[in-house]
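Visitor: Here is my input; please provide its structure:
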Amino acid sequence: MTAPSGRTGRPPLTEARKAEIRLEIARAAVELFVAQGVTATTGEQIGQAVGVSARTVWRYFPSKESCVRPLFSAGIDVIAALLREWRPGHPLPELFDPALTTGLLAATGPDGATGTALVRLTRTEPGLRAIWLQTYDEAEPAFARALADRAGLPADDLRPMIQAAMLNAALRAAVERFAWTEAVADAGVGETVGVAEVAETLRSALAIAAEGVS
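Guide: Here you go, the predicted structure:
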């Protein structure tokens, strides 16, 4: 009798399924960080919330703080797509009307109040702060490529690079300011964070950036 050939056991995970698992872990980590703090949260707890082992968590992420990275990174792709679709002659702040901001918040994962609570934690948790800043560092070249594509310029042209740097800094400042506002900080997890308020903060930041330095 000839022995069966080929692989046995579970089929390998697709890249799409791996991305889903990463996002599931990220959302679970955020909920735990916000509910009980980063220090009190373990890899085992994150895994249990998703239904996987701690070993699986560490297979996808090098540290518990890095588990939130997919939620931060998701927004980069959304904003880069918006920049490519930004119509000539239209003010930059119009990128963030309430409808588009709703999609942006949905892409980044948790409900609005939980997401802003996570941003607040980046102020006091060095590990999360490092991931937060690293995400924005990676966003800048993505924004520059989108702006260069839109303008038909080379990827290494200085103009989209400077524009991307200003845009990136404005977005981070706006998100942090919104999250750290006292009224928002007082909102409980699970409460609705006004999409219109988020959109207005982002529009204001972009309007300031568009004015340039005088």
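Visitor: buried residues in the helix ranked longest in the chain?
Guide: Longest helix of the chain, by residue count under DSSP state H: helix 126-151. For helix 126-151, burial by neighbour count (16 or more other C-beta atoms under 10 Å) applies to 127-128, 131-132, 135-136, 139-148. C-beta here means a position set from N, CA and C on the backbone, and glycine is covered the same way.
Visitor: Summarise which helices and strands that helix is packed against.
Guide: helix 69-85, helix 112-121, helix 158-180 (3 or more C-beta pairs under 8 Å, 6 or more residues apart in numbering; DSSP states H and E).
Visitor: Point out where the chain drops to low pLDDT.
Guide: 1-10, 96-113, 182-196, 213-214 (pLDDT under 70).
Visitor: switch the cut-off to 80
Guide: Residue ranges of the chain with pLDDT under 80: 1-11, 13, 74-78, 85, 87-116, 181-202, 206, 209-214.
Visitor: Could you find the closest non-adjacent residue to the most centrally placed residue in the chain?
Guide: Residue closest to the average C-alpha location in the chain (C-alpha atoms, centre = their mean): Phe72, at 1.8 Å. Nearest non-adjacent residue to Phe72, counting by C-beta to C-beta, 6 or more residues apart in numbering: Thr135, 4.0 Å away.
Visitor: In this model Ala74 seems to touch that neighbour, though I could be wrong.
Guide: No. Taking contacts as C-beta atoms under 8 Å, Thr135 lies outside contact range of Ala74: 9.8 Å.
Visitor: Now do Glu211: how many residues are near it, please.
Guide: Using other C-beta atoms under 10 Å, the number of residues around Glu211 comes to 8.
Visitor: Please report how far it lies from Phe143.
Guide: 18 Å (C-beta to C-beta, to the nearest Å).
Visitor: Also Ala209?
Guide: 12 Å.
Visitor: Trp180 - nearest residue in space that isn't next to it in sequence?
Guide: Per C-beta to C-beta, 6+ apart, closest to Trp180 is Arg120, 6.2 Å.
Visitor: got it, and Pro154?
Guide: Per C-beta to C-beta, 6+ apart, closest to Pro154 is Ala148, 6.6 Å.
Visitor: Thank you, goodbye.
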